[in-house]
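K.L.:
I'd like to go over a predicted model; first the sequence, then the structure.
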Amino acid sequence: FNYSEHEKLVFNIKHGLNTHPIWLNTYLNNYKYQSSLILECYEDDILIGFLPLVVKNEKDNRFFNLKKVIPCGYYPSDFFSIPVMPGKENLFAVEIAHWFNNNIKLWDRVFINLIPDVGSFWKILIEELKQYFTIKLNKSNNFLYIDTSGSHDDYMKNLGNKKNKYLRYIQNKFERDIGKIELIHYDNELVQHLDEFLKIYSRRKNNLNQINPFDNTKELKQFKKDIFQHYEEKG
């Protein structure tokens with residue numbers, strides 16, 4: 001990454017956390033894929049947009065392996081916005097569509113999903129891609145599927161409300177069972193606190209005979225530790 005250029009663009013885009021270069025670099029260092037594809041578009045040497053993708057080899061059936069292109073950061077994140085400078089959406093969409101068409105032998109299937117249904121860029125992108133591909137879910141080896149269901153603003157608002165509501169429920173339950181508790185907000189030594197949390201979480205999962213995602217997915221555990229460390233260092 002051209003760190004400063006990517007960071008400058010991401011911070012001008014709403015909900016740009018999962019496309020920040022720290023997040024993307026940490027993801028690529030922990031999740032090993034065949035290759036990463038950072039599709040960039042410049043105008044007058046200024047970065048106007050980028051689309052971070054990775055190539056994942058996946059068995060389609062017992063005879064074929066397919067190269068599937070998915071968003072970079074897909075597993076530890078939910079929605080993500082494609083960073084593009086306002087007013088440059090058409091130019092960037094043309095560049096993306098041209099790249100996929102010109103490099104069609106490098107991939108079998110592309111999933112540009114989890115794009116929030118806000119703004120106009122995803123609609124512009126679909127129209128450009130339609131010139132070369134069928135934009136729908138099918139069993140062809142050369143198709144693109146873009147999932148833009150739901151509003152990202154509503155998603156983020158509801159997610160925050162649900163998490164706060166659940167925390168209040170847990171706090172009230174604890175106080176009914178064991179008495180008054182105090183919630184502490186940590187802003188340092190985050191990795192050490194994460195380690196302690198994972199030990200407690202693991203014991204609870206084992207006691208309930210439930211699957212522990214941090215045991216099953218080692219990359220997720222290391223990703224969490226690394227991203228905590230990086231963000232703590234950056235304040």
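P.N.:
Cool, the structure landed.
K.L.:
what about residue 87, neighbour count?
P.N.:
By the criterion of other C-beta atoms under 10 Å, residue 87 has 8 neighbours. The way it works is simple: take the backbone N, C-alpha and C, and place the C-beta from them, glycine included.
K.L.:
longest helix anywhere in the chain?
P.N.:
Ranked by residue count and defined by DSSP state H, the top helix of the chain is helix 152-178.
K.L.:
tell me which strands and helices the helix or strand that comes right after that helix is in contact with?
P.N.:
For helix 152-178, the following helix or strand on the C-terminal side (DSSP states H and E) is helix 190-207. If you count contacts as 3 or more C-beta pairs under 8 Å, 6 or more residues apart in numbering; DSSP states H and E, helix 190-207 packs onto helix 213-216, helix 218-234.
K.L.:
what packs against the longest one?
P.N.:
Secondary structure elements in contact with helix 218-234, counted by 3+ C-beta pairs under 8 Å, 6+ apart, are helix 21-30, helix 190-207, helix 213-216.
K.L.:
Pick the most deeply packed of these.
P.N.:
helix 21-30 (a mean of 19; mean count of other C-beta atoms under 10 Å).
K.L.:
Lowest average confidence across helices and strands of this structure, where is it?
P.N.:
strand 143-145 (a mean of 62; mean pLDDT, DSSP states H and E).
K.L.:
May I see the buried residues of the longest strand along the chain?
P.N.:
Ordering each strand of the chain by length in residues (DSSP state E) puts strand 46-59 first. For strand 46-59, a neighbour-count test (16 or more other C-beta atoms under 10 Å) marks 47, 48, 49, 50, 51, 52, 53, 54, 55, 56 as buried.
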